[in-house]
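**Q** got a structure for you, letters missing:
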Ligand code: HEC
(Lines give C-alpha, C1' and ligand atoms only; values in the text may rest on other atoms or scores of the structure.)
Protein backbone atom coordinates (compact mmCIF):
# COMPACT_ATOMS: atom_id res chain seq x y z
CA UNK A 1 0.00 0.00 0.00
CA UNK A 2 2.33 2.75 -1.17
CA UNK A 3 -0.28 5.45 -0.70
CA UNK A 4 -0.99 4.56 2.89
CA UNK A 5 2.65 4.39 3.79
CA UNK A 6 3.18 7.75 2.18
CA UNK A 7 0.30 9.08 4.17
CA UNK A 8 1.65 7.55 7.34
CA UNK A 9 4.97 9.19 6.74
CA UNK A 10 3.48 12.64 6.40
CA UNK A 11 0.73 12.34 8.93
CA UNK A 12 3.20 11.19 11.52
CA UNK A 13 5.55 14.01 10.79
CA UNK A 14 2.76 16.52 11.04
CA UNK A 15 1.46 14.81 14.13
CA UNK A 16 4.80 15.17 15.84
CA UNK A 17 4.99 18.78 14.77
CA UNK A 18 1.49 19.52 15.89
CA UNK A 19 1.94 18.00 19.31
CA UNK A 20 5.51 19.12 19.76
CA UNK A 21 6.01 20.31 23.27
CA UNK A 22 2.81 18.97 24.81
CA UNK A 23 3.14 15.26 24.13
CA UNK A 24 4.06 13.55 27.37
CA UNK A 25 6.65 10.78 27.27
CA UNK A 26 7.02 10.42 23.50
CA UNK A 27 5.33 7.15 22.52
CA UNK A 28 5.76 7.70 18.81
CA UNK A 29 8.21 4.85 18.36
CA UNK A 30 5.99 1.86 17.59
CA UNK A 31 4.01 3.43 14.74
CA UNK A 32 5.92 2.12 11.78
CA UNK A 33 5.54 -1.56 12.76
CA UNK A 34 1.80 -1.77 13.69
CA UNK A 35 -1.05 -0.60 11.47
CA UNK A 36 -3.55 -0.42 14.36
CA UNK A 37 -1.68 2.14 16.45
CA UNK A 38 -1.17 4.00 13.20
CA UNK A 39 -4.93 4.40 12.86
CA UNK A 40 -4.98 5.49 16.44
CA UNK A 41 -2.37 8.06 15.68
CA UNK A 42 -4.34 9.30 12.73
CA UNK A 43 -7.38 9.81 14.91
CA UNK A 44 -5.20 11.58 17.42
CA UNK A 45 -3.78 13.66 14.61
CA UNK A 46 -7.24 14.77 13.57
CA UNK A 47 -8.03 15.52 17.19
CA UNK A 48 -4.82 17.49 17.47
CA UNK A 49 -6.13 19.66 14.66
CA UNK A 50 -9.20 20.59 16.66
CA UNK A 51 -7.66 23.22 18.98
CA UNK A 52 -5.93 25.18 16.18
CA UNK A 53 -9.12 24.92 14.10
CA UNK A 54 -11.19 26.22 16.99
CA UNK A 55 -8.69 29.01 17.53
CA UNK A 56 -8.97 29.98 13.87
CA UNK A 57 -12.76 30.01 14.12
CA UNK A 58 -12.68 32.15 17.24
CA UNK A 59 -10.30 34.59 15.56
CA UNK A 60 -12.48 34.73 12.45
CA UNK A 61 -15.83 34.93 14.25
CA UNK A 62 -15.91 38.74 14.65
CA UNK A 63 -15.68 38.94 10.85
CA UNK A 64 -18.54 36.50 10.43
CA UNK A 65 -20.73 38.20 13.04
CA UNK A 66 -21.93 41.21 11.07
CA UNK A 67 -21.30 44.15 13.45
CA UNK A 68 -23.90 46.31 11.68
CA UNK A 69 -26.83 44.02 12.37
CA UNK A 70 -25.60 43.56 15.93
CA UNK A 71 -25.70 47.34 16.43
CA UNK A 72 -29.18 47.50 14.97
CA UNK A 73 -30.39 44.78 17.31
CA UNK A 74 -29.16 46.77 20.29
CA UNK A 75 -30.88 49.94 19.05
CA UNK A 76 -34.15 48.05 18.56
CA UNK A 77 -33.85 46.88 22.17
CA UNK A 78 -33.23 50.45 23.34
CA UNK A 79 -36.07 51.74 21.19
CA UNK A 80 -38.38 49.08 22.55
CA UNK A 81 -37.43 50.04 26.11
CA UNK A 82 -38.05 53.74 25.52
CA UNK A 83 -41.32 52.95 23.79
CA UNK A 84 -42.48 50.84 26.71
CA UNK A 85 -41.63 53.71 29.07
CA UNK A 86 -43.17 56.66 27.21
CA UNK A 87 -45.60 55.47 24.55
CA UNK A 88 -47.04 52.09 25.43
CA UNK A 89 -49.82 53.58 27.55
CA UNK A 90 -51.58 54.84 24.43
CA UNK A 91 -49.86 52.82 21.70
CA UNK A 92 -49.64 49.29 23.08
CA UNK A 93 -48.49 46.93 20.31
CA UNK A 94 -48.63 49.82 17.84
CA UNK A 95 -52.31 50.57 18.41
CA UNK A 96 -53.96 53.74 19.66
CA UNK A 97 -56.31 53.50 22.64
CA UNK A 98 -57.40 57.15 22.36
CA UNK A 99 -57.83 57.53 18.63
CA UNK A 100 -58.38 54.24 16.78
CA UNK A 101 -57.78 55.85 13.35
CA UNK A 102 -54.27 56.97 14.31
CA UNK A 103 -52.46 53.76 15.15
CA UNK A 104 -48.78 53.25 14.44
CA UNK A 105 -49.53 50.70 11.73
CA UNK A 106 -48.28 51.64 8.28
CA UNK A 107 -51.80 52.06 6.81
CA UNK A 108 -52.77 54.74 9.34
CA UNK A 109 -49.34 56.37 9.22
CA UNK A 110 -49.62 56.67 5.44
CA UNK A 111 -53.18 57.98 5.50
CA UNK A 112 -52.24 60.56 8.11
CA UNK A 113 -48.99 61.53 6.37
CA UNK A 114 -46.79 60.32 9.23
CA UNK A 115 -45.06 57.44 7.46
CA UNK A 116 -41.51 58.85 7.45
CA UNK A 117 -39.00 58.99 10.31
CA UNK A 118 -39.01 62.80 10.02
CA UNK A 119 -42.80 63.06 10.51
CA UNK A 120 -42.83 60.51 13.32
CA UNK A 121 -40.07 62.56 14.95
CA UNK A 122 -42.09 65.76 14.59
CA UNK A 123 -45.29 64.27 16.03
CA UNK A 124 -43.36 62.73 18.92
CA UNK A 125 -41.49 65.97 19.58
CA UNK A 126 -44.36 68.50 19.36
CA UNK A 127 -47.42 66.30 19.79
CA UNK A 128 -50.56 66.42 17.71
CA UNK A 129 -54.23 66.66 18.71
CA UNK A 130 -54.61 64.65 21.89
CA UNK A 131 -51.10 63.28 21.62
CA UNK A 132 -48.67 65.16 23.88
CA UNK A 133 -45.25 66.21 22.63
CA UNK A 134 -42.15 64.81 24.31
CA UNK A 135 -39.42 67.13 22.98
CA UNK A 136 -37.33 69.21 25.40
CA UNK A 137 -38.40 72.41 23.57
CA UNK A 138 -41.96 71.32 22.88
CA UNK A 139 -44.43 74.25 22.87
CA UNK A 140 -47.09 75.29 23.69
CA UNK A 141 -47.02 73.69 27.11
CA UNK A 142 -50.61 72.53 26.84
CA UNK A 143 -49.62 70.39 23.87
CA UNK A 144 -46.71 68.79 25.74
CA UNK A 145 -46.39 65.94 28.18
CA UNK A 146 -46.56 66.70 31.90
CA UNK A 147 -44.15 63.84 32.46
CA UNK A 148 -40.46 63.60 31.72
CA UNK A 149 -39.28 65.05 28.41
CA UNK A 150 -37.18 62.98 26.06
CA UNK A 151 -33.81 63.95 24.62
CA UNK A 152 -33.57 64.61 20.87
CA UNK A 153 -31.47 61.49 20.44
CA UNK A 154 -34.11 59.41 22.23
CA UNK A 155 -36.87 60.76 20.02
CA UNK A 156 -34.77 60.01 16.95
CA UNK A 157 -34.29 56.45 18.17
CA UNK A 158 -38.03 56.17 18.84
CA UNK A 159 -38.85 57.43 15.34
CA UNK A 160 -36.53 54.80 13.86
CA UNK A 161 -38.04 52.15 16.09
CA UNK A 162 -41.66 53.07 15.28
CA UNK A 163 -40.92 53.24 11.55
CA UNK A 164 -39.15 49.87 11.53
CA UNK A 165 -41.88 48.25 13.62
CA UNK A 166 -44.58 49.72 11.37
CA UNK A 167 -42.80 48.39 8.27
CA UNK A 168 -42.82 44.92 9.84
CA UNK A 169 -46.40 44.96 11.14
CA UNK A 170 -45.38 45.40 14.80
CA UNK A 171 -43.81 42.02 15.60
CA UNK A 172 -43.36 41.24 19.29
CA UNK A 173 -39.89 42.21 20.56
CA UNK A 174 -38.48 39.44 22.73
CA UNK A 175 -36.50 40.01 25.89
CA UNK A 176 -37.17 43.61 26.77
CA UNK A 177 -35.33 44.03 30.04
CA UNK A 178 -36.75 46.09 32.95
C1 LIG B 1 -51.54 60.10 26.08
C2 LIG B 1 -51.58 59.18 25.00
C3 LIG B 1 -50.41 59.11 24.06
C4 LIG B 1 -49.09 58.88 24.37
C5 LIG B 1 -48.47 58.68 25.72
C6 LIG B 1 -48.39 58.82 23.11
N7 LIG B 1 -49.26 59.04 22.07
FE8 LIG B 1 -48.81 59.03 20.09
N9 LIG B 1 -50.72 59.51 19.64
C10 LIG B 1 -51.74 59.70 20.55
C11 LIG B 1 -52.91 60.18 19.85
C12 LIG B 1 -54.23 60.54 20.49
C13 LIG B 1 -52.56 60.28 18.49
C14 LIG B 1 -53.40 60.80 17.33
C15 LIG B 1 -53.09 62.28 17.18
C16 LIG B 1 -53.83 62.91 16.03
O17 LIG B 1 -53.71 62.46 14.89
O18 LIG B 1 -54.57 63.90 16.29
C19 LIG B 1 -51.18 59.81 18.39
C20 LIG B 1 -50.50 59.73 17.22
C21 LIG B 1 -49.19 59.29 17.13
C22 LIG B 1 -48.51 59.13 15.87
C23 LIG B 1 -49.13 59.31 14.48
C24 LIG B 1 -50.01 58.11 14.21
C25 LIG B 1 -50.93 58.24 13.03
O26 LIG B 1 -51.31 57.19 12.45
O27 LIG B 1 -51.29 59.36 12.66
C28 LIG B 1 -47.24 58.71 16.15
C29 LIG B 1 -46.15 58.40 15.16
C30 LIG B 1 -47.16 58.64 17.59
N31 LIG B 1 -48.35 58.98 18.14
C32 LIG B 1 -46.01 58.26 18.27
C33 LIG B 1 -45.92 58.24 19.66
C34 LIG B 1 -44.71 57.94 20.36
C35 LIG B 1 -43.38 57.57 19.70
C36 LIG B 1 -44.99 58.03 21.68
C37 LIG B 1 -44.05 57.86 22.86
C38 LIG B 1 -42.96 58.80 22.94
C39 LIG B 1 -46.38 58.39 21.80
N40 LIG B 1 -46.91 58.50 20.54
C41 LIG B 1 -47.03 58.57 22.99
C42 LIG B 1 -51.65 59.49 21.89
C43 LIG B 1 -50.49 59.22 22.61
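**A** That came in fine, so what should we check first? Owing to the predicted nature of the structure, the values given are computational and were not obtained by experimental measurement.

**Q** which residues sit in contact with residue 116?
**A** By CB atoms under 8 Å, 6 or more residues apart in numbering, the residues touching residue 116 are residue 163. C-beta: built from backbone N, CA, C; applies to glycine.

**Q** I misspoke; the intended subject was residue 88.
**A** Neighbouring residues of residue 88 by CB under 8 Å, 6+ apart: there are none.

**Q** What pLDDT is listed against residue 102?
**A** Taken from the predicted model, the pLDDT recorded for residue 102 is 98.

**Q** what do you get for residue 17?
**A** Turning to residue 17, the model gives it a pLDDT of 44.

**Q** what do you get for residue 48?
**A** Predicted confidence (pLDDT) for residue 48: 77.

**Q** Could you do the one 5 residues further on as well?
**A** Reported pLDDT at residue 53 in the predicted model: 73.

**Q** Assumed it was part of a helix.
**A** Yes. The assignment for residue 53 by DSSP: H, G, I helix; E, B strand; the rest coil puts it in a helix.

**Q** How many residues are close by it?
**A** Counted with other CB atoms under 10 Å, residues neighbouring residue 53 total 11.

**Q** ditto for residue 48
**A** Residues contacting residue 48 under the criterion other CB under 10 Å number 18.

**Q** what's the helix or strand for it?
**A** helix 35-64 (DSSP states H and E).

**Q** what mean pLDDT does the helix or strand just after that helix have?
**A** Counting by DSSP H and E, the next helix or strand C-terminal to helix 35-64 is helix 67-86. The average pLDDT within helix 67-86 is 84.

**Q** Is helix 67-86 in proximity to the ligand?
**A** Yes. Counting by CB under 6 Å from any ligand atom, contacts between helix 67-86 and the ligand involve residue 86.

**Q** Next, the buried residues of that helix.
**A** When neighbours are counted by 16 or more other CB atoms under 10 Å, the buried residues of helix 67-86 are found to be 76, 77, 79, 80, 81, 82, 83, 86.

**Q** which other helices and strands contact it?
**A** Secondary structure elements in contact with helix 67-86, counted by 3 or more CB pairs under 8 Å, 6 or more residues apart in numbering; DSSP states H and E, are helix 152-167.
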